[in-house]
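A.B. asks: predicted structure and sequence below. I'll ask about it afterward.
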Amino acid sequence: MAYSSPAGTVVYEEDPATVPALLAQSGYVAVPANLQPPNGLKGAAFDPDCWNKLLAASGPSAPPAGGAVVFSHERVSPAGNHRLVIVLYCPRQIWFGVSQFAVPFSPWYVLTVTPATLNQPAGWYRPSIDIMYVPPRYAPKKPPVVRIYAGQPDPNDASHFTIAYQMWGQSDTIDGRLLDNDSVTMTPRHPPQE
C-alpha cells in the first residue's frame with residue numbers, strides 16, 4: 001500500500017536507443033513495443049519484486065502478470081474507501097496503429113484491491129476505466145515511441161494520482177482518480193497528436 005517508484009523513473013520505454021540500457025538494469029523485462037510496422041522490436045517494462053510477490057501470494061484470484069507497473073499505491077475514495085490502486089501498461093504489437101487511449105484497445109490495465117482483514121482475504125477488482133482519448137487512428141505516419149514515468153500519489157488529495165508520459169515526442173500528464181464504486185478515471189490533460 002505504501003509502495004511508490006521515485007518521480008522521474010522510466011517504467012516503460014520504446015526508444016530503441018535507450019531500451020537496452022534499461023533492460024540491463026534489475027527489475028526491467030522485455031515486452032513487445034507499440035512500433036509500426038510490427039518488426040519484433042522490444043520495449044522495456046518495469047516489473048518490481050513487490051508486484052511479483054503480491055501476485056504469488058494472491059494465488060488464483062490474482063490477475064495475469066505482464067506489462068509495466070506504472071502506479072501502485074494506496075488511494076482513498078471520497079467516501080473513505082481505502083484501496084490499493086495498480087495501473088499496468090501492457091503493450092501489444094496489434095495496437096501499434098491505434099491511439100494509446102482508445103477503448104477497448106487500450107493497453108492500460110487498472111486494478112483496485114480491497115485490503116485483507118482478519119475475516120476476509122484481499123479482493124481483486126478490475127473496474128472499467130473512463131479514459132478520455134484521441135479518436136483512433138489505424139495508420140499513423142510514424143510510431144508513437146511511448147515513454148511512461150512512474151505514477152505519483154497526490155499528497156494533497158488521497159483519491160488522486162498522476163502519470164507523466166510521452167508520445168510522438170510530446171509530453172503530457174494523466175490524472176487518475178479512485179471513485180467510491182472502486183472504478184478509476186484516467187484523463188490525459190493534453191493528449192499528444194501524431
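C.D. replies: On my side now, so go ahead. This is a predicted model, so every value here is computed, not measured.
A.B. asks: now do the contacts for Ala30.
C.D. replies: Going by C-beta atoms under 8 Å, 6 or more residues apart in numbering, Ala30 touches 19, 23, 42-45. Where C-beta positions appear, they are placed from N, C-alpha and C, glycine not excepted.
A.B. asks: next step: these restricted to helices.
C.D. replies: With helices taken from DSSP state H, the overlap with these comprises 19, 23.
A.B. asks: kindly write the ChimeraX command that selects the buried subset of the contacts of Ala30.
C.D. replies: To isolate the buried members of the contacts of Ala30 in ChimeraX, using 16 or more other C-beta atoms under 10 Å:
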select :19,42,43,44,45
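A.B. asks: after the worst-scoring helix or strand of the chain on mean pLDDT, which helix or strand is next?
C.D. replies: One helix or strand of the chain scores below all others by mean pLDDT, DSSP states H and E: strand 129-131, with a mean of 51. Of the helices and strands lying after strand 129-131 in sequence (DSSP states H and E), the nearest is strand 147-149.
A.B. asks: roughly how far is the very next helix or strand once past that next one from the heart of the chain?
C.D. replies: Scanning forward in sequence from strand 147-149 by DSSP H and E, the next helix or strand is strand 152-153. Centroid separation for strand 152-153 versus its chain: 13 Å, with C-alpha atoms, centre = their mean, to the nearest Å.
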